[in-house]
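Student: this one's structure only:
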């Protein structure tokens, strides 16, 4: 399973006979005194003690031990009171198995074996299920938002890979080619043939890098954008692509050290996000409808729409107002496609000049109401810039009542929170030239520099020193992962990585030099303000409740990291609800790293063993005396055809 045994690392010094002799008499004396005290207590409380009394099992638990030992007259046991008894590591498989066996025995039943779901569930997305979505209003695409199953609606089976599934091509080859069997859809190859999105080539899918508004390829299109805004100096690192297609824009930004979060709904353009993920490009299922996007305020340096078909001019500019919320001060919004350059394309778009002109004027009006400045409109591309602060904006908008500034609502709250037709106010500044909320460093210094939210004390319990210590801690932990997982540094082995409890993004930061990207999830039950820190570091992520499915397709991730997730969700939902979702989004032969208290890990392992996972518990990086352990998992390869 690609996991090194830790057994060879265990070294117990030999016990010297002299030491035994030197300690024998004191130990014998202590034992004699304890025995006398016990017999006296038994006589005093129990009315006497007789050697002929029926034997009883005695459960002994020392203050420092994690386990109990049952003693009977036929059992000979040596009890130690040193801290060495607290070793639940995988130094010896038999020891770990014994712990697991006791846990299973206490449950009085064998681990549940989870069956495979029927083959038609191979692309199942629980919170964006097409059938369930039909129950919800079609107005403003509400039916395409997250609507998660509950209770008996939840699947209690393992989502299969399609027959013929193969491991994806390693990055960067995966940017341009994927196995057809992994995403067996031809719809876009027909519907978007002239736009060069994707084509079938035998048993492969090829992505030429084309798009609706970039017929000369994504690289050339990005170069055109680079003539209007600075794409090469490190000031732009995080980007948002709305209605992303197969995410070629995000794919080709990666070579420029720009990390794009691409999203699109699960709609008539079948599997566009799935194609993006198969290419190794960050993406999520998502839609601008009635809820806020699941990102914090001031997250992205740049937002982009290339013929994304989002009605920016409708609903009082609600969707552009939401883009304003997630855009950093001084950030850019790029629009290409209708209505930009309508004088050239209006016939091809099959719309009237008047209609397109009215739409553009409405978009321009919304942008002005947000105090955005139009940088330039060149050819098919228009660019606006958000102000660095609202000092001048508030003064100039006093007469304008629509849209008003939002009241005291948390700007970062974005888990089923409704969008509002009000402008999210930026943090106050003392000078008109100051960047609201604090300026971030340029990439790559931005990754390890203390983020403004931390330095300004807006993240509860996190100081600059604590942030720096966290960064060093995760460097140490990643070194440990490299030591116990053979494949961790194997080139091309892991591309899409999920951190289920990202905290401050330390795990992702420690992986920054690897050819990987990390989806940093901040649980809604954790410190939600931490996700803003993740973005200020130049990383990407989302809010997530792990009692629900995540907005992605099956087999998205090559590696999943779960730090204290099961302790965090203890008594909130069933453990197998979380584990089954992890299995759904993990590729065959993918890897899981779970860190948690040893007692919790034993329970997790007992469930995981019924899910076609191979697993092993190993020590914490600080050694066997630490209660927190690490469960390493390899998902076995199987497909719908195997059933």
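Tutor: Right, received. Where do you want to start? Just so it is clear, the model here is predicted, and its values are computed rather than measured.
Student: helices and strands around the one helix or strand residue 359 maps to, which ones?
Tutor: Residue 359 is part of helix 353-369 when elements are defined by DSSP states H and E. Other helices and strands packing on helix 353-369, by 3 or more C-beta pairs under 8 Å, 6 or more residues apart in numbering; DSSP states H and E, are helix 318-326, helix 342-345. From N, CA and C alone the C-beta is placed, and that goes for glycine too.
Student: Of all the residues in that helix, which ones are buried?
Tutor: Within helix 353-369, the residues that count as buried by 16 or more other C-beta atoms under 10 Å are 356, 359, 360, 362, 363, 364, 366, 367, 369.
Student: circling back to that earlier point, looking at the helices and strands packed on helix 353-369, which is closest to residue 535?
Tutor: The closest of these to residue 535 is helix 318-326. By C-beta to C-beta, the value is 9.0 Å.
Student: Could you check the angle the closest one makes with helix 353-369?
Tutor: 30 degrees (axes from the mean of the first three to the mean of the last three C-alpha atoms, to 10 degrees).
Student: for helix 318-326, the distance to its chain's centre please.
Tutor: Centre-to-centre, helix 318-326 and its host chain are 23 Å apart (C-alpha atoms, centre = their mean, to the nearest Å).
Student: and the next element down the chain from that helix?
Tutor: strand 327-336.
Student: Show me the contact partners of that next one.
Tutor: With contact meaning C-beta atoms under 8 Å, 6 or more residues apart in numbering, strand 327-336 is reached by 213, 221, 225, 229, 236, 238, 240, 298-307, 312, 320, 323, 363, 367, 372, 375, 380-389, 426, 435-437, 440.
Student: Looking at those residues, which are in helices?
Tutor: 221, 225, 320, 323, 363, 367 (DSSP state H).
Student: Next up, the contacts around the last one.
Tutor: Right, the one you point to is residue 367. Residue 367 neighbours (C-beta under 8 Å, 6+ apart): 320, 333, 374, 384.
Student: The fifth one now?
Tutor: Residue 363 is in contact with 312, 313, 320, 335, 339, counting by C-beta under 8 Å, 6+ apart.
Student: where in the stretch 351-500 of the chain is pLDDT low?
Tutor: Counting by pLDDT under 70, the ranges of the stretch 351-500 of the chain that qualify are 398-401.
Student: Now do the strands in it.
Tutor: Counting by DSSP state E, counting those that start in this stretch, the stretch 351-500 of the chain has these strands, from start to end: 373-378, 381-385, 496-499.
Student: worst-scoring helix or strand of this structure, pLDDT-wise?
Tutor: Every helix and strand in the chain was compared by mean pLDDT, DSSP states H and E; the lowest is strand 58-60, with a mean of 26.
Student: low pLDDT regions in the stretch 51-200 of the chain?
Tutor: Ranges of the stretch 51-200 of the chain meeting pLDDT under 70: 51-109, 188-196.
Student: among the buried residues of helix 353-369, which two are most distant?
Tutor: Farthest-apart pair in the buried residues of helix 353-369 is 356 and 369; separation 20.7 Å (C-beta to C-beta).
Student: would you list the ones in helices among the contacts of strand 327-336 in a markdown table and tack on distance to residue 568?
Tutor: Formatted as a markdown table, these follow (distance: C-beta to C-beta, whole Å):
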| residue | distance to residue 568 |
| --- | --- |
| 221 | 42 |
| 225 | 40 |
| 320 | 36 |
| 323 | 31 |
| 363 | 42 |
| 367 | 41 |
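Student: Quick check: of those, which lies closest to residue 572?
Tutor: residue 323 (32.5 Å).
Student: give the contact list for the closest one.
Tutor: Counting by C-beta under 8 Å, 6+ apart, residue 323 has contacts 240, 242, 303, 333.
Student: ok, now with 6 Å
Tutor: Counting by C-beta atoms under 6 Å, 6 or more residues apart in numbering, residue 323 touches residue 303.
Student: what pLDDT does it get?
Tutor: Listed pLDDT for residue 323 reads 99.
Student: Distance check, it against residue 436.
Tutor: According to C-beta to C-beta, to the nearest Å, residue 323 and residue 436 sit 17 Å apart.
Student: Longest strand in the protein, please.
Tutor: Identified as the longest strand of the chain according to DSSP state E is strand 586-597.
Student: can you state the direction angle for the helix holding residue 359 and strand 373-378?
Tutor: 150 degrees.
Student: and helix 353-369, how far out from the chain's middle?
Tutor: The answer for helix 353-369 is 37 Å, by C-alpha atoms, centre = their mean.
Student: and the end-to-end length of stretch 369-383?
Tutor: End-to-end distance of stretch 369-383: 16 Å, with C-alpha to C-alpha, to the nearest Å as the criterion.
Student: chain center to it: distance?
Tutor: With C-alpha atoms, centre = their mean, you get 33 Å for stretch 369-383.
Student: got the residue ranges for the helices in the stretch 101-250 of the chain?
Tutor: Assigned by DSSP state H, counting those that start in this stretch, the stretch 101-250 of the chain shows helices spanning 130-133, 187-191, 218-226, 248-253.
Student: Right, I'll call it a day here.
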